[in-house]
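sequence first, then the predicted structure:
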Amino acid sequence: MKSKDLFQQHLAQTTEHALGLEIERAEGSYLYDINGNPYLDFISGIAVSAFGHGHPRIKKALKDQIDQHLHVMVYGEFIQNAQNRLAKALLKTLPSELDSFYFVNSGAEAIEAALKLAKRSTGRQKIMAFKGAYHGSTHGALSVSWNEERKKDYRPLLPNIHFLEWNVEAELLQITDETAAVILESIQGDAGVRIPSTSFMQALRQRCNETGCLLILDEIQCGMGRTGKMWAFEHFGIVPDMMTAGKALGAGLPIGCLAASKALMANFSHSPSLGHITTFGGHPLPCSAAAEGLNILEEEQLLDQIVKKGNYIEEKINHPSIQAIRRKGLMLAIELESEVAVDTLVSKAMERGLILFWFLSTPNAFRIAPPYTISTQEINEGCGIVHDILDELM
Ligand code: PLP
């Protein structure tokens, strides 16, 4: 059976229009198909491959860990060096309030853990989320996500979820002393890179303090340096009670993380114990890759580069048929005049060896989220392809 037929018939499909690129290998900013054709990666597998593909230090960390051990026990029972190394590396990046980590296997799982911890810690049930939000595809994460079309067939979802208008301060009065938690992305990703104002974020923090409600910031897409700061909440001068991370955290391996204070996280361990459990959470391979990724970010001073490269892409990509660019660091949404224009651009770019992608809920925009290690020449190449196609479409 041909590999394409196997893929289509025996691997679950999430769309009838999969891009279907047949990958042989990946290196730096390029993927290569089975015929040796290169594809410039302008999206990092949706904000994941932040250090490019096949970074030698990540490969070495993984090989070393394989030689030591793989899975030895479910999360939380044994002391494992890889988990400790990751905790140590994360501590260096976070404010002292966030000093305890629960490692899970995906972003959505980190969201599930955060919602559960909020309920158990406060004894309250109500959760506030935001219009435009995307937090993942499991039942709990879907419950606090906005897009109704993607939720309707899975009801009943979690009860007691209320949605607020994004970035509107007056809405915050709906947070009361009955609210367990407010959950939001520090910068909305799938809504097409929606950046809240500093005054909104500070008013939100203040309202949570007044009502005893816990503030959960989802940094799964916008964290890990993507916006030019280590964590996007740093742009707004606030600190959450809980933070979720994922995607780029694993440097290409699957991992999610819930960060909270030691005191808050302790609620999972008693009354009753095993408040949240997972077999593979904190697996030593993703933990090793993630710890090394954080070291690379620091030692190679990538945050500065993210800021410079983001500015450069915005300058370079500019074109008369672009309606709007929303951007922080290397997280970009580029709006065209229609959904059709976006579809045409994404598919023609692929034919010419450039990988772009859509947003889940913003059909008239496409995303750019390249590896932080992308070179100026590669940025020029990608922007050149985008311009050629937009010129043809005009
Ligand atoms: N939160 C945000 C902001 C995301 O962008 C995503 C994934 O796109 C998730 C949560 C869910 O992460 P995962 O797909 O790893 O479950």
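Sure thing, it's come through.

from here on, just use CA atoms for contacts and neighbour counts.
OK.

residues touching the residue lying closest to Ala181 once chain neighbours are set aside, list them.
For Ala181, ignoring the flanking residues on the chain, the nearest one in space by C-alpha to C-alpha, 6 or more residues apart in numbering is Leu214 at 4.4 Å. With contact taken as C-alpha atoms under 8 Å, 6 or more residues apart in numbering, Leu214 is in contact with 118, 180-182, 208, 240-242.

and the next helix or strand past the longest strand along the chain?
Determined from DSSP state E, the single longest strand within the chain is strand 179-185. Later in the chain than strand 179-185, the nearest helix or strand by DSSP states H and E is helix 198-211.

is the residue nearest the centre of the chain in a helix, a strand, or coil?
In the chain, the centroid-proximal residue (C-alpha atoms, centre = their mean) is Gln221; its distance is 1.9 Å. When classified by DSSP: H, G, I helix; E, B strand; the rest coil, Gln221 comes out as coil.

can you list the residues of the stretch 201-350 of the chain near the ligand?
Residues of the stretch 201-350 of the chain that fall close to the ligand, judged by C-alpha under 6 Å from any ligand atom: 218, 220-221, 247.

closest to Leu70 out of those?
Lys247 (21.0 Å; C-alpha to C-alpha).

name the nearest residue to the closest one, sequence neighbours excluded.
Val48 (4.7 Å).

run through the bridge partners of the residue of the stretch 251-394 of the chain found nearest the ligand.
Nearest residue of the stretch 251-394 of the chain to the ligand (C-alpha to the nearest ligand atom) works out as Gly256 at 7.0 Å. With DSSP bridges as the criterion, Gly256 is bridged to Val104.

count the neighbours of it for me.
29 (other C-alpha atoms under 10 Å).

I'd say it and Ala248 touch.
No. Using C-alpha atoms under 8 Å, Gly256 makes no contact with Ala248, being 9.6 Å away.

which residues are common contacts for these two?
Ile220.

pull the most distant pair out of the contacts of Leu214.
Most distant of these, by C-alpha to C-alpha, are Ala180 and Pro240, 13.7 Å apart.

pick out whichever of the two has more residues nearby.
The neighbour comparison of Ala180 against Pro240 (other C-alpha under 10 Å) goes to Ala180, with 28 against 20.

give the other helices and strands that the lowest-mean-pLDDT helix or strand in the chain contacts.
Lowest on mean pLDDT, DSSP states H and E among the helices and strands of the chain sits helix 3-10, with a mean of 92. The contact analysis (3 or more C-alpha pairs under 8 Å, 6 or more residues apart in numbering; DSSP states H and E) places helix 3-10 against no helix or strand.

CA atoms only: put it into PDB for me.
Only the C-alpha atoms of helix 3-10 are listed here, as PDB (Å, rounded to 0.1, in the frame of the first residue of the first chain):
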ATOM      1  CA  SER A   3       2.100   5.700   2.100                       C
ATOM      2  CA  LYS A   4      -0.500   8.300   0.900                       C
ATOM      3  CA  ASP A   5      -3.200   5.600   0.900                       C
ATOM      4  CA  LEU A   6      -2.200   4.300   4.300                       C
ATOM      5  CA  PHE A   7      -2.300   7.900   5.600                       C
ATOM      6  CA  GLN A   8      -5.700   8.500   4.200                       C
ATOM      7  CA  GLN A   9      -7.300   5.200   5.000                       C
ATOM      8  CA  HIS A  10      -5.700   4.200   8.300                       C
END
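
run through who's touching it.
With contacts defined as C-alpha under 8 Å, 6+ apart, helix 3-10 is touched by Gly20.

now the following helix or strand past that helix: average pLDDT?
Note on helix 3-10: by DSSP H and E, the next helix or strand toward the C-terminus is strand 23-27. Over the span of strand 23-27, the pLDDT mean works out to 97.

would you mark the buried spots in strand 23-27?
Ala26 (16 or more other C-alpha atoms under 10 Å).

go on, stretch 386-394?
386-387, 389-390.

go through those and flag which are in strands.
Those of the buried residues of stretch 386-394 lying in strands (DSSP E): none at all.

let me have these in JSON lines, extended by distance to Glu77 and pLDDT.
Formatted as JSON lines, the buried residues of stretch 386-394 follow (distance: C-alpha to C-alpha, whole Å; pLDDT from 0 to 100):
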{"residue": "Val386", "distance to Glu77": "51", "pLDDT": "98"}
{"residue": "His387", "distance to Glu77": "54", "pLDDT": "97"}
{"residue": "Ile389", "distance to Glu77": "55", "pLDDT": "98"}
{"residue": "Leu390", "distance to Glu77": "55", "pLDDT": "97"}
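
so which of those residues are in helices?
Using DSSP state H, the members of the buried residues of stretch 386-394 that fall within helices are 386-387, 389-390.

okay, those residues in JSON lines with distance to the ligand next?
JSON lines is the format used below for those (distance: C-alpha to the nearest ligand atom, whole Å):
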{"residue": "Val386", "distance to the ligand": "24"}
{"residue": "His387", "distance to the ligand": "27"}
{"residue": "Ile389", "distance to the ligand": "27"}
{"residue": "Leu390", "distance to the ligand": "27"}
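
domain-wise, how is this protein divided?
The chain is divided into the following domains under automatic domain parsing: 3-54+301-393, 56-299.

any idea how far apart the tips of the shortest one sit?
Distance across domain 3-54+301-393, first residue to last, is 34 Å (C-alpha to C-alpha, to the nearest Å).
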